Structure formats: structure tokens, C-alpha cells
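A.B. asks: Got a sequence here, can you model it:
(one chain, ligands or ions: 1)
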Amino acid sequence: MALAEDLGLAREVEDFAGGAGYSDGAYMPLDELAVPITDFGFLRADACYDTAHVWHGLAFRLDDHVQRFRRSCEALRLDPGLGDAEIREVMIRLAQLDGRREQMVQIICTRGRVSAEAPRDPRRNQNRFWAFTRALDAIDSKLPEGARGLGVHISDIPRIPPESIDPRVKTFHRGDLTKALMEAMDAGADTCLVVDMAGNITEGPGFNVFAVAGERIVTPEAGMLEGITRSTVMELAGELGLASESRAISPEEMRGADEVFISSSAGGIMAVTRIDGTILSNGAPGPVTQRLAERYWAKKTDGWHATPIPGLA
Ligand SMILES: *Cc1c(COP(=O)(O)O)cnc(C)c1O
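C.D. replies: Numbering: from 1, shown residues only. Have a look, this model is predicted:
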């Protein structure tokens, strides 16, 4: 592979079939990327990350992901040690090495190892930047064949309060979401939504949520990560002449909606057709969800907000 040679890697294309990794200036097959056990990213879940996706060889809203990652780093006082343009470059090179036309590219900054002189001062840890690729795995692609939309459980488990951990920062503080997800799966649902301390809907494990009432779409305004797909949906809604609003949404309103859908980089726009015991839009993706999803994929095919990955686009 020409690129592997450019990067000084004596590697075969096949070595990257399972994904590509990056740390400390070096590119390698994903299997070889290993985090030292003493990195606080591992020991304390002290890290932030972001995940962009490549579809048909086109990276979607790459700069928005890099900028959100930068904001996450700043919020946690983490320094990845690379500028935005350098991070972007690493992501594109990793995607090239990976070689799949559909993939996810994840970037991470960990707190790193403690400093020998000041082991109790987190300001002195050696922060570290990591990146790797993996398969594009949408939540709804794991549904059994013939299933029409996702079944969701609304959990009573509240998201960690924003005063403790800011949900707008993309972090690995997901114990609340994982607990709710296992509870949902035990109850036969595909995934879950969690509430805030006031009982309003926030988001699910790695996605935002929307309710549709007539020609209007609503989504929670606080207590969740501000997804890039979420803002893409708002933009598409405007183009389709749908009114959109972000505000507090109760579980009752969610259950009574005409349609519900979720949004994430991995899956795009995915219909929810069951919430606990309630069937929505006759158990099939509703018309507004379908119009939004169709426009989303069509515009992406046309190169909307796209960064072509050389050799893959
Ligand atoms: C990443 C993520 C989302 C979705 O954000 P996108 O930018 O659309 O992929 C939503 N909620 C949480 C908790 C996330 O980690």
C-alpha cells in the first residue's frame, strides 16, 4: 500500500483490515495499539473523545467533530498536543490505512500518566492523544431481520447531573447509560433513554432523541450531548419546512408522540416504534422520520458536508 510506505510503515494492506491505530506519532494496525495500564484514561475514565464516520468514502462534518473534541479537551483541561489541522490529518490518514469505505474514526485524549514529581496533581499528568478506526456499527443494524424500528425502554435512572459531569463534553462517564441499557435489554428492549433529575428525557447511550407531533419535531434542550447528527436533523427539518424546537420533554410526551426517532453518527436517523408497552406510528417508521432519513442519506451521497478520503471516495 502506497500510503503505508509514505508513512514509513513496512506493512501489508491486510494488516489494517481489522482497523488502524495511532499514538505518539506512529500509525499501526489496531491490534498493536495498547494503552499503558497506568494511563488515567484507563484508571479513572479521565478522558474525552469524539467519533466521526466515513460513509461511501466521505467523512461527514469532520471539522465539526474536531472542533467539538477541542471544546471537550478544553472543558476537562486536557491537551492533546496536536493542533486541529494535525488531528484532522491523522483522522484522514487512519481512514485511508483502514481502507473501508464505511467506518468510524475515533479520537481520544487521556489524562495520561502521573508526573513523577507531582503524582497527586492531575494538572501535571502527561496527557496523550490516541486515535483508531472501527467498523460503522449502527444501533439499528443489530436488529433482527424484519424488525421495523427500535424498541426503547425509558429508564428511571437519571443521567449524572450536569453540575457534576457536563454532558456536553463527550466522555467515558457512561455508568448511568450502561446500567440503563442492561436494564432495557433485560426487559426485551433494543436500547434505552435516560431522564434528568427533574424526570425529563435527556438521551440514550450514544444518541439523541426526537419526538414528532404533526409537522413539528422536538428534542431535549439540556442535559445531553449536543450531537452533530442532532444539529444536522434540525438543519434538514428546516429544509423540509418542518418546525423544530428544543425544550424539556417528559416521558409521557415521548410515549404519546406521533413518531419518535434517534440520531447518531453511527446510524444517522433511526425510527423508534415501541416505547416500553406503547406502539408508535402503528409499529412502523413514520412519514416524518422517513422523509428526514431519506433526505439525510441522499444529501450525504451528494457530498454534503463531506471530506473525501483519498482512495476511498
Ligand atoms: C456521541 C454521542 C451522541 C451522538 O452524537 P453525534 O455527534 O450525533 O454522533 C449522543 N449522546 C451521547 C452520550 C454521545 O456520546
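A.B. asks: Close to the ligand: what parts of the stretch 151-300 of the chain are there?
C.D. replies: Contact residues, the stretch 151-300 of the chain versus the ligand (Cβ under 6 Å from any ligand atom): 170, 203, 206-208, 224-225, 227-230, 263-265. Heads up, the C-betas are built off the backbone N, CA and C, glycines and all.
A.B. asks: Could you identify which of those residues has the most neighbours?
C.D. replies: residue 203 (27 neighbours; other Cβ atoms under 10 Å).
A.B. asks: what's in contact with the helix or strand harbouring that one?
C.D. replies: Take DSSP states H and E as the rule and residue 203 turns out to sit in strand 201-203. Strand 201-203 is contacted from outside by 154, 159, 167, 193-196, 209, 220, 222-225, 227, 249-251, 254, using Cβ atoms under 8 Å, 6 or more residues apart in numbering.
A.B. asks: switch to 10 Å and redo it
C.D. replies: 154, 158-159, 162, 167, 176-177, 192-196, 208-209, 211, 219-220, 222-227, 230, 248-251, 253-254, 260, 262-264 (Cβ atoms under 10 Å, 6 or more residues apart in numbering).
A.B. asks: Just say helix, strand or coil for residue 163.
C.D. replies: At residue 163 the chain is in coil, as set by DSSP: H, G, I helix; E, B strand; the rest coil.
A.B. asks: How about residue 288, nearest residue that isn't a chain neighbour?
C.D. replies: In space, and not counting its chain neighbours, residue 288 is closest to residue 212: 4.6 Å by Cβ to Cβ, 6 or more residues apart in numbering.
A.B. asks: swap in residue 250?
C.D. replies: Residue nearest to residue 250 in three dimensions, not counting chain neighbours: residue 200, with 5.9 Å by Cβ to Cβ, 6+ apart.
A.B. asks: Count the residues that sit near that neighbour.
C.D. replies: 19.
A.B. asks: Check the one 4 residues further on too.
C.D. replies: Here the number of neighbours of residue 204 (other Cβ under 10 Å) works out to 26.
A.B. asks: got the contact list for the residue lying closest to residue 45 once chain neighbours are set aside?
C.D. replies: Leaving aside its chain neighbours, residue 45 sits nearest to residue 172 (4.5 Å; criterion: Cβ to Cβ, 6+ apart). With contact taken as Cβ under 10 Å, 6+ apart, residue 172 is in contact with 41-42, 44-49, 108, 110.
A.B. asks: Make CSV from those residues and add pLDDT, secondary structure and distance to residue 5 to it.
C.D. replies: CSV is the format used below for the contacts of residue 172 (pLDDT from 0 to 100; DSSP: H, G, I helix; E, B strand; the rest coil; distance: Cβ to Cβ, whole Å):
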residue, pLDDT, secondary structure, distance to residue 5
41, 97, helix, 31
42, 97, helix, 33
44, 96, coil, 39
45, 96, coil, 38
46, 98, coil, 37
47, 98, strand, 32
48, 98, strand, 33
49, 98, strand, 30
108, 98, strand, 27
110, 98, strand, 30
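A.B. asks: Filter these down to just the buried residues.
C.D. replies: With burial judged by 16 or more other Cβ atoms under 10 Å, the buried subset of the contacts of residue 172 is 41, 46-49, 108, 110.
A.B. asks: domains for this structure, by residue range?
C.D. replies: Annotated domains of the chain cover 2-136, 141-301 [automatic domain parsing].
A.B. asks: List the buried residues for stretch 266-282?
C.D. replies: 266-275, 280-281.
A.B. asks: Give me the distance between that stretch and the centre of its chain.
C.D. replies: In terms of Cα atoms, centre = their mean, to the nearest Å, the gap separating the centre of stretch 266-282 from the centre of its chain is 19 Å.
A.B. asks: tally of neighbours for the closest residue to the ligand within the stretch 1-150 of the chain?
C.D. replies: Closest to the ligand within the stretch 1-150 of the chain is residue 51: 6.2 Å, counting by Cβ to the nearest ligand atom. Around residue 51 there are 18 other residues, counting by other Cβ under 10 Å.
A.B. asks: Could you do residue 181 as well?
C.D. replies: Residue 181, neighbours per other Cβ under 10 Å, totals 22.
A.B. asks: Would you map the strands across the stretch 151-300 of the chain?
C.D. replies: Using DSSP state E, counting those that start in this stretch, the strands of the stretch 151-300 of the chain run over 191-195, 201-203, 208-213, 216-219, 243-246, 259-264, 268-275, 278-279.
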